[in-house]
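> The amino acid sequence is not available; the structure is as follows:
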């Protein structure tokens, strides 16, 4: 058990080192998220009261799009030089690969959020620094990443993977994206934690279901 | 003169035993019944045209592909029951290096070493890097190394857990003359007589030089099998042509 | 020759046809038509509800057969899952269309983004994606495997869509059938429609499966021929 956790951390560490050395990629994901925000700003012209209605949608769409970019990359990295094959040759349970990659992606996306949220909060003049928002962000991000990494491993073995990943990812993640948008909107309207609970529950159930299901079926995805 | 009892004990010495292995993808049969036995220290070169099933067969041995039928025993263990135990005993060098471009030579070896729970890893890494002549590049990222250096590092990577079975899938692809000569030398350095080696290659010359047994695959079957003793290149070329229909 | 999962039957289409006729009679003649409401509003519901139920059933079968395929690796489970998804996608499309027809007369607009409608649309998108996945894989084997993985992962939205009207306040009418709000004639007609559409589902499914089996047999024969030829 502790050995498995050790292996997960070894994979995580390897991904973090790689990610830290190719900072341009992290930077492009960030810039991309900002661009999405700016473009939606043109489309909706938020101002005054409408801001609070539109802002959560813009925020989560930006993060989801940025997520798809980073998920795509997660297994492309493993595909270069055939590293995934090298990983599959290692004497480990294959779900360890999934969990390691997932944790790496989760950390990455959370860092992106830590940078995006304050910028967004300044640009839209909205108070996003609340524990409630952090809770929503963590729940939503775990859901997005658990699905994203599973489908990233799947689409990297196909032709036209950049197209396939979003086609698979968006509809399956729709419940989490919608829940995150709705819950964030309610927080901005000043609602209490209790009234958010149904959205939080959906995200929590989604997270648990997809982490468990992905762990169970991941080996079928990376099989030759 | 080999007596009966001796033969029985030798049977148990086979590090690779393959019986009636078939592999199909959908309705396409790639391997059509392969039987093969290799002892410790044997070096088998597999030849065959593209699509003959060389790589598929090697992937079955490497535990990456499950055979559709038949049995595979490696180091006395059945492939179906002990795949993790077997994986500890296998090292694979392919035309791809399995190395991470952004990590240094040292970090790559440390990564794989930890995945295999290699004891005294620091020491092992330095020893391996010295053997493949990359000690001076230890902290350089893989992407800055030449193709030949990367392939040498890939050999070190495959050796990090000291495997008793070595599988080489066209390891010389993309290497220049000098680098592939170095590769051959390296394989000798890594006390090949202690390991069992299976190599696929396009080059009859290299296969003959390095191996001590030869198999020619054709359409998923073993078309020819024999010792490399008393076999010269012209003979092998003649045999290859006869069994694969090449050069028609 | 491989065993066939489903033979084309001549009885099943006949049965579904007769049942469909009876269903039409029940819906349009037997059940009294109330005054004051548009006829569309009243009648479309006998098709809308059974179609919705059967699309959930179809996707559940996709889930079960996908799991069985990954576990047993027998081509028949993949064939059933794929065929069921196709029927399910068609049924879901019909649910969306009949729902829109109803909405236009009842609410005055074709579409609104409430939880039930949105989740049904998402469901349709998921299973359209399911049908696309395999064509992106290079090898057929891998395509089937990926489809099975997606058939399992995609199922999450099915119960979510089914429960959407109880989880959230939506514009979609509540489940009258379970709340006993139907007149006896209407309930009978409704249940009959459900049975009819189940027969239709089974018929379409077996039809599709047998067609696909013939396709794979032809594939196999042509593969063998090309192998011997080459």
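Great, that's in hand. Treat the numbers as computed from the prediction; the structure is a model and nothing was measured.

> Next, count neighbours for residue A:54.
18 (other Cβ atoms under 10 Å in any protein chain shown). Backbone N, C-alpha and C define where each C-beta goes, glycine included.

> Beyond the host helix or strand of it, next helix or strand please.
According to DSSP states H and E, residue A:54 maps onto helix A:49-79. Per DSSP H and E, the first helix or strand lying C-terminal to helix A:49-79 is helix A:83-89.

> Give me the residues contacting that following helix.
With Cβ atoms under 8 Å, 6 or more residues apart in numbering or on different chains as the test, helix A:83-89 has contacts from A:11, A:75, A:77-78, A:94, A:97, A:156, A:222, B:62-64, B:87, B:90, B:92, B:94, B:96, B:98-100, B:112, B:115, B:157.

> Pull out the buried residues from the residues you listed.
Among the contacts of helix A:83-89, those classed as buried by 16 or more other Cβ atoms under 10 Å in any protein chain shown are A:11, A:75, A:77-78, A:94, A:97, A:156, A:222, B:62-64, B:87, B:90, B:92, B:94, B:96, B:98-100, B:112, B:115, B:157.

> and chain B, which of its residues are near chain C?
Remark: the part of chain B in contact with chain C comprises B:25, B:26, B:27, B:28, using Cβ under 8 Å from any Cβ of the partner chain.

> Now look at the helix or strand hosting residue C:56 and say if it contacts chain B.
Here residue C:56 sits within helix C:45-72, counting by DSSP H and E. No. Interface with chain B: helix C:45-72 contributes nothing (Cβ under 8 Å from any Cβ), its closest point being 13.3 Å away.

> next helix or strand past that helix?
helix C:75-106.

> That next one near chain A at all?
No. Judged by Cβ under 8 Å from any Cβ, helix C:75-106 and chain A are separated, with a smallest distance of 12.3 Å.

> Could you tell me the angle between that helix and helix C:45-72?
Put simply, helix C:75-106 runs at 160 degrees to helix C:45-72, going by axes from the mean of the first three to the mean of the last three Cα atoms, to 10 degrees.

> for helix C:75-106, packing partners?
helix C:39-43, helix C:45-72, helix C:115-136, helix C:140-153, helix C:184-229 (3 or more Cβ pairs under 8 Å, 6 or more residues apart in numbering or on different chains; DSSP states H and E).

> on that earlier part again, can you give me how far the helix holding residue A:54 is from the chain middle?
Chain-centre distance of helix A:49-79: 7 Å, with Cα atoms, centre = their mean, to the nearest Å.

> Hmm, residue B:28 and residue C:219 touching each other?
No. Residue C:219 lies out of contact with residue B:28 (Cβ atoms under 8 Å); the separation is 10.2 Å.

> what about residue B:217, which SS state?
Secondary structure, DSSP: H, G, I helix; E, B strand; the rest coil: residue B:217 is strand.

> any idea which helix or strand of chain C has the worst average confidence?
Of all helical and strand segments in chain C, the minimum by mean pLDDT, DSSP states H and E falls on helix C:39-43, at a mean of 77.

> So for it, what gets flagged as buried?
With burial defined by 16+ other Cβ under 10 Å, the residues of helix C:39-43 counted as buried are C:41, C:42, C:43.

> Make a markdown table out of those and add distance to residue A:144.
Converted to a markdown table, the buried residues of helix C:39-43 look like this (distance: Cβ to Cβ, whole Å):
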| residue | distance to residue A:144 |
| --- | --- |
| C:41 | 40 |
| C:42 | 43 |
| C:43 | 43 |
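
> Residue numbers of chain B in contact with chain A?
Proximity of chain B to chain A, by Cβ under 8 Å from any Cβ, involves residues B:59, B:62-65, B:84-85, B:87-88, B:90, B:92, B:94, B:96-103, B:107, B:111-112, B:114-117, B:141, B:157.

> So which of those are in strands?
B:90, B:92, B:94 (DSSP state E).

> How many residues are close by residue B:52?
That count, for residue B:52 with other Cβ under 10 Å as the rule, works out to 22.

> which SS state does it fall under?
Following three-state DSSP, residue B:52 is assigned to coil.

> From chain C, how far out is the residue nearest to it when sequence neighbours are not counted?
Using Cβ to Cβ, 6 or more residues apart in numbering or on different chains and skipping residues adjacent in sequence, the residue nearest residue B:52 is residue B:217, 4.3 Å away. Residue B:217 is 16 Å from chain C, where distance means Cβ to the nearest Cβ, to the nearest Å.

> distance of residue B:217 from chain A?
From residue B:217 to chain A the distance is 19 Å (Cβ to the nearest Cβ).

> is it true that that residue touches residue B:50?
No. Contact criterion Cβ under 8 Å: residue B:217 and residue B:50 do not qualify, at 10.9 Å.

> how many neighbours does residue 58 have?
Answering for chain A, as no chain was given. Counted with other Cβ under 10 Å, residue A:58 comes out at 23.

> Sorry, I should have been clearer: chain B.
21.

> Leaving out the residues flanking it, which one is nearest to it?
residue B:169 (5.0 Å).

> coming back round to it: ranking the helices and strands packed on helix C:75-106 by mean neighbour count, which comes first?
helix C:140-153 (a mean of 24; mean count of other Cβ atoms under 10 Å in any protein chain shown).
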